[in-house]
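Participant: How does the following fold in three dimensions:
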Amino acid sequence: MNWDYEKSPPNGGAPGDAYRSVFNGSGKNAAESLAREAIQNSVDAASEPGEAVRVDFRFRRLRDDQREDFEEAASLEDIRERVHKLGLPEKHALMGGGEEPSKLDLLYIDDYKTTGLVGNPQHPQSNLRKLLMDLGGSVKTRDKSGSGGSYGFGKAVYSSNSRIGAIFAFSRTVDPNDKPLSILMGCAYHSEHRFRNGNYSGRAFFGVAKNVTNGIRYDPLRGSKAERLAERLGFEREDGLGTSLLLIDSKVKAEELVAGIEDWWWPRIESRLLEATVFERNGEERVPRPMARVHLQPFITAFDNALGKSPDIPNRQQRNTINIRGWEVGKLGALVLDDNQDEYPLGEEFEDRLDTVALVRGPHMVVAYHKNWRPGSTDPLAVGCFIADDDVNEELRLSEPPAHDRWDPEADRLDDTEGKEVVKGILSRIKNAFREFQKSAKPPAPPPSTRLTQLERELASWFGTGAQGPKSSPVPNPAPISLRIDGPKIKMDGDRLRATGLVEVELKPDREETEVPFKIRLSLKVVEEDSVLSTDQIQLTLTPLCPLDQLNDGFWAGVVTPDSTARIKFTSEPYDPGWTVEFMPEVHPVEETMP
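Facilitator: This is a model prediction of the structure:
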């Protein structure tokens, strides 16, 4: 099997390197673009739209015999023999460049809980050909399934992160008759060039050449042939459907990739819709943890506020419903930052994200940290998160450029006035609501000078009722643990409603404690005229997913450590759909006397 370079078409056409340059000028580094686009493609291919997907990034370095075996399997000599014609960077593996001339760095990207590259791989509109061969196109644009993609430019991010511009795609999927199908194909994207008296477009294919009416069609290897070559190329897929990409001579660094995943995919991670893991060359696992990143914590709080998972706090935290002519288009959560101790509360590196709003729609990727306003000199520093309603996902998707990094009301693909007005209206109302919040909010006051006893400090920092005293403005919460709530999710149960969800208690990553004991109680109460009626509670069934001891008055006791998280599922009894309910978790130190 060899690489077959495409002859230049008689009427011209896009050269191979056009596929690699789509994201030039996006303002993001290579790892960020890869994290955004690779996961986006996997989310679009989810087996169940809207459900969780898993994406693994696996780094591997080859030397000596391992490198020779790989180069033979990948037929890299076909590329090496014309390497000076291909417009490659000065340093790359085929020239012996880089820090270690003898090494070859590979990056594998494996997704799971996805469909794989479905469709007849010989058909021009199959997912395989859209991934590897099409430049742009409107098929995915017209798809209204709620996907994040728009142009089919995802291949650009893969090829641009290979120094030699060569990638392989291996997929386990099903054929049109719903039978298991394995396919594998390679593509290379180089400059248009002349070689041995022939003119070439710069595109090369590693597959099966078929003579057809209009010329030569390149098909993937199928079945056992695909599986055998995948093994030689180092693919290590687990069982099940999905797609794996191989980037040859990768220039991405693991730590930058983890940071890129955290920065742009934290809404999906926090919503438990994405399992992402980065495997270093030595096998060490690195799991993105957005909540451990100081500059992301306020945005996540605003995200929870927009979802209604955390309450409004006067002059500190506020949730707004964004409407256009009475049509609800999303929710905006906004949060005042505490900058008493630090001129840059998000860190100096992320100063440009102060006073911005994270824009989020269907796929749960941050499209942009948006800001088209200038805060007043006396306005407190703040951040926000806007979560678009599903009803406007299509307009917002069509307004995005290939890099999916902004909402542009003047985008050509918004071919009707109404769509442009929707996007323009959303951005305008986000600006107005965020600015109004900043103007009405007051900067947090300095920490109170009143001395507290050690016990009072502990009680005041926890989530239950603390020591009583004069009220003060909000201050940074030194609680040793964090409480995360997934839910309540309300579903119909016959003619009644039922609430379900999950609560997690974990030790904050910056704490020195080796273990922290706690007590927790979960309640679902009926709200009437803006007050909670403590006597009207809806029965909850709790299912601990970790060792917990049941105590009196509905409390459970447990311990969290740096390596363990306490998780409790809850399910309510069916209740009247006319009721408004409020979920109330309480967490206390074990020393506290129960009420």
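
Participant: host element of the spatially most central residue of the chain?
Facilitator: What sits nearest the mean C-alpha location of the chain, by Cα atoms, centre = their mean, is Trp265, with 2.2 Å. Assigned by DSSP states H and E, Trp265 falls within helix 254-270.

Participant: and after that helix, which helix or strand comes next?
Facilitator: Where DSSP H and E defines the elements, the next helix or strand beyond helix 254-270 is strand 274-279.

Participant: packing partners for that following strand?
Facilitator: Judged by 3 or more Cβ pairs under 8 Å, 6 or more residues apart in numbering; DSSP states H and E, the packing partners of strand 274-279 are helix 30-44, strand 53-62, helix 254-270, strand 285-286. In this view, the C-beta of every residue, glycine as well, is placed from N, C-alpha and C.

Participant: Run through the residues that contact the residue nearest to the centre of the chain.
Facilitator: Counting by Cβ atoms under 8 Å, 6 or more residues apart in numbering, Trp265 touches Ala35, Arg36, Ile39, Leu274, Ala276, Pro288, His364, Met365, Val366.

Participant: please redo it, this time with the cut-off set to 7 Å
Facilitator: Ala35, Ile39, Leu274, Ala276, Met365 (Cβ atoms under 7 Å, 6 or more residues apart in numbering).

Participant: Top of the residues you listed by number of neighbours, please.
Facilitator: Ala35 (30 neighbours; other Cβ atoms under 10 Å).

Participant: What segments of this structure are helices?
Facilitator: With DSSP state H as the criterion, the chain has helices at 30-44, 64-74, 77-80, 127-132, 139-142, 154-160, 223-232, 254-270, 297-307, 393-398, 417-440, 454-461.

Participant: Distance check, Arg496 against Asp563.
Facilitator: 41 Å (Cβ to Cβ, to the nearest Å).

Participant: Between those two, tell me which one has more neighbours.
Facilitator: The residue with more neighbours, out of Arg496 and Asp563, is Arg496; 12 against 8, by other Cβ under 10 Å.

Participant: any idea what sits nearest that one, other than its immediate chain neighbours?
Facilitator: Pro574 (3.8 Å; Cβ to Cβ, 6 or more residues apart in numbering).

Participant: The one you found - how many residues pack around it?
Facilitator: Residues near Pro574, counting by other Cβ under 10 Å: 15.

Participant: hang on, the earlier thing: what two of the contacts of Trp265 have the greatest distance between them?
Facilitator: Farthest pair in the contacts of Trp265 (Cβ to Cβ) is Ala276 and Met365. Separation: 12.0 Å.

Participant: Got the confidence number for the residue of the chain positioned farthest from its centre?
Facilitator: What lies farthest from the middle of the chain is Asn197; by Cα atoms, centre = their mean that is 47.2 Å. At Asn197, the pLDDT value in this model is 91.

Participant: same deal with Thr580?
Facilitator: Listed pLDDT for Thr580 reads 78.

Participant: what number of residues lie near it?
Facilitator: 10.

Participant: Val526 now?
Facilitator: 17.

Participant: Please name the bridge partners of it.
Facilitator: Beta-bridge pairing of Val526 under DSSP bridges involves Leu533, Val581.

Participant: So the residue nearest to the centre of the chain versus Asn127, what's the distance?
Facilitator: Distance of Trp265 to Asn127, given as Cβ to Cβ: 22 Å.

Participant: Might you report the residue contacts of the closest residue to Lys331 other than its chain neighbours?
Facilitator: Using Cβ to Cβ, 6+ apart and skipping the chain neighbours, the partner closest in space to Lys331 is Ala306 (4.2 Å). For Ala306, the contact set (Cβ under 7 Å, 6+ apart) comprises Arg319, Lys331, Leu332, Gly333, Cys385, Ile387.

Participant: How about Met1?
Facilitator: Ser75, Phe206.

Participant: where does it land on pLDDT?
Facilitator: For Met1, the model assigns a pLDDT of 85.

Participant: ok, now Thr593?
Facilitator: Thr593 is given a pLDDT of 41.

Participant: Can we start the residue count at 28 from this point?
Facilitator: Got it, first residue is 28 now, which makes that one Thr620.

Participant: which residues does Arg346 bridge with?
Facilitator: With DSSP bridges as the rule, Arg346 is bridged to Gly360.

Participant: Am I right that it is in contact with Asp331?
Facilitator: No: using Cβ atoms under 7 Å, Arg346 is not in contact with Asp331; the gap is 9.7 Å.

Participant: so where's this protein uncertain?
Facilitator: 38-55, 123-128, 162-182, 366-370, 469-506, 555-563, 618-622 (pLDDT under 70).

Participant: Alright, that wraps it up for me.
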